[in-house]
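Student: Give me a model of this one.
(one chain, ligands or ions: 1)
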Amino acid sequence: MAASASKALAKCLLDRTPRLKHYLLDQYKLRSFQWKMSSLGKFFKKFRSPILFNNLDSLQLASKVFGVDRGSSVLYYYMQKFMERSEEHIQGRVLEVQESLFSRQFTHKDIQIDILHVEEGNPDATIVGDLTKASTLPENQFDCFICTSTFNHIFEIEKAIKTSHQLLKPGGVLIATMPCLAQIARYDMDRWGDYWRLTSKACEQLFTPVFGEGNVELITYGNVLAAITEFQGISTEELPNPKLLDEFQKDYEVMTGIIARKAL
Ligand SMILES: C[S@@+](CC[C@H](N)C(=O)[O-])C[C@H]1O[C@@H](n2cnc3c(N)ncnc32)[C@H](O)[C@@H]1O
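Tutor: Alright, predicted model coming up:
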């Protein structure tokens, strides 16, 4: 009795305030649409390839492209952490390879961005040059060179490191990343090649002779979970506890970040 009276009262009030009635109806439709969409999402998730960490009887991958078709890759997760840590060095005239993937995150610092590409045809490129051919690139021009996942794509890696040193102004900083436990990048392999997977020790021995003792800092990331996640192409968003990626296990180096300063 009381319920039907309050229903009638609510209907009467709503009929007198059509804007409120429309608002509430819209909200109801929106919530019901959102609920249906999330239920649909949950339903279709069942048909996505399952993540089976303990299936040793299958060659099935979650993704052939590092998980970027499912979310963010483990390498990107570590690169992002490394960039945040290196932020103080990203200033002035900044050069990045292929696109402004990381440098554009720091435009609030009034930086000037150039993009390097190895071949003609990249509309973002402001400089076309080959890191193995020093004469194709300028000297003493940049305060910072962001060179992520690139040295491993260059067979003559020592030459490329020397040219990256040449590009920097005295006091300028190279911010590079080197994958170690990581799948082959097929897109790059079919173009310029994918040659090297280097440990932190190899990075130290390659960069220190060029930049000088005391001018190279290495930060290495990875653990067994990160390595498996990377190889399987599972995205970081799919991990039950992504914070586990931050724990470092020294025998599972997934990526090393290199901060190398050119002496004054
Ligand atoms: C995996 S992409 C890395 C770029 C991107 N900034 C990133 O982190 O995703 C590899 C890059 O290496 C570059 N590369 C390959 N050989 C090169 C060379 N000899 N000189 C300069 N760049 C080269 C290619 O242009 C390509 O953009």
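Student: Every contact and neighbour count from this point should use C-alpha atoms.
Tutor: Fine.
Student: so who does the closest residue to Tyr77 other than its chain neighbours touch?
Tutor: Residue nearest to Tyr77 in three dimensions, not counting chain neighbours: Thr236, with 7.5 Å by CA to CA, 6 or more residues apart in numbering. The neighbours of Thr236, taking CA atoms under 8 Å, 6 or more residues apart in numbering as the test, are 71-74, 77, 229, 242.
Student: Just read off the phi/psi values of Thr236.
Tutor: In terms of degrees, to the nearest 10, the main-chain angles of Thr236 are phi -60, psi -30.
Student: In the protein, what helix or strand scores lowest on average pLDDT?
Tutor: Within the chain, confidence by mean pLDDT, DSSP states H and E is lowest for helix 18-45 among all helices and strands, at a mean of 55.
Student: which bits of the stretch 51-200 of the chain sit near the ligand?
Tutor: Applying the criterion CA under 6 Å from any ligand atom, the portion of the stretch 51-200 of the chain that neighbours the ligand consists of 97-99, 117-118, 130-132, 148-150, 153-154, 192.
Student: top of these by neighbour count?
Tutor: Each of these was scored by neighbour count (other CA atoms under 10 Å); the top score is that of Leu131, with 26 neighbours.
Student: isn't that residue right next to Ala160, touching?
Tutor: Yes. Applying CA atoms under 8 Å as the test, Leu131 and Ala160 come out as touching, 4.6 Å apart.
Student: Out of the residues of the stretch 51-200 of the chain next to the ligand, which two sit at the greatest distance?
Tutor: The most widely separated members of those, counting by CA to CA, are Glu99 and Thr132 (19.4 Å).
Student: And the residue nearest to Tyr77, how far from the ligand?
Tutor: Relative to the ligand, Thr236 is positioned 17 Å away (criterion: CA to the nearest ligand atom, to the nearest Å).
Student: Same question for Thr208.
Tutor: When distance is defined by CA to the nearest ligand atom, Thr208 is 20 Å away from the ligand.
Student: What are the boundaries of the helices in the chain?
Tutor: Listed in chain order, the helices of the chain (DSSP state H) span residues 2-16, 18-45, 74-86, 157-167, 186-189, 200-211, 224-232.
Student: Asp57 - how many residues pack around it?
Tutor: Counted with other CA under 10 Å, the neighbours of Asp57 add up to 6.
Student: residues in contact with Gln232?
Tutor: Gln232 makes contact with 61-63, 66-67, according to CA under 8 Å, 6+ apart.
Student: Apply 7 Å and report the result again.
Tutor: For Gln232, the contact set (CA atoms under 7 Å, 6 or more residues apart in numbering) comprises 61-63.
Student: who wins for most neighbours among those?
Tutor: Ranked by neighbours (other CA under 10 Å), these are led by Ala62, which has 22 neighbours.
Student: Could you verify my assumption that that residue touches Gly233?
Tutor: Yes. Checked against CA atoms under 7 Å, the pair Ala62 and Gly233 is within contact range at 5.2 Å.
Student: Strands of the stretch 51-200 of the chain, start to end?
Tutor: Listed in chain order, the strands found in the stretch 51-200 of the chain under DSSP state E, counting those that start in this stretch are 93-97, 112-117, 127-128, 142-148, 168-179.
Student: could you give the angle of the last one to helix 74-86?
Tutor: Per axes from the mean of the first three to the mean of the last three CA atoms, to 10 degrees, the angle that strand 168-179 makes with helix 74-86 is 150 degrees.
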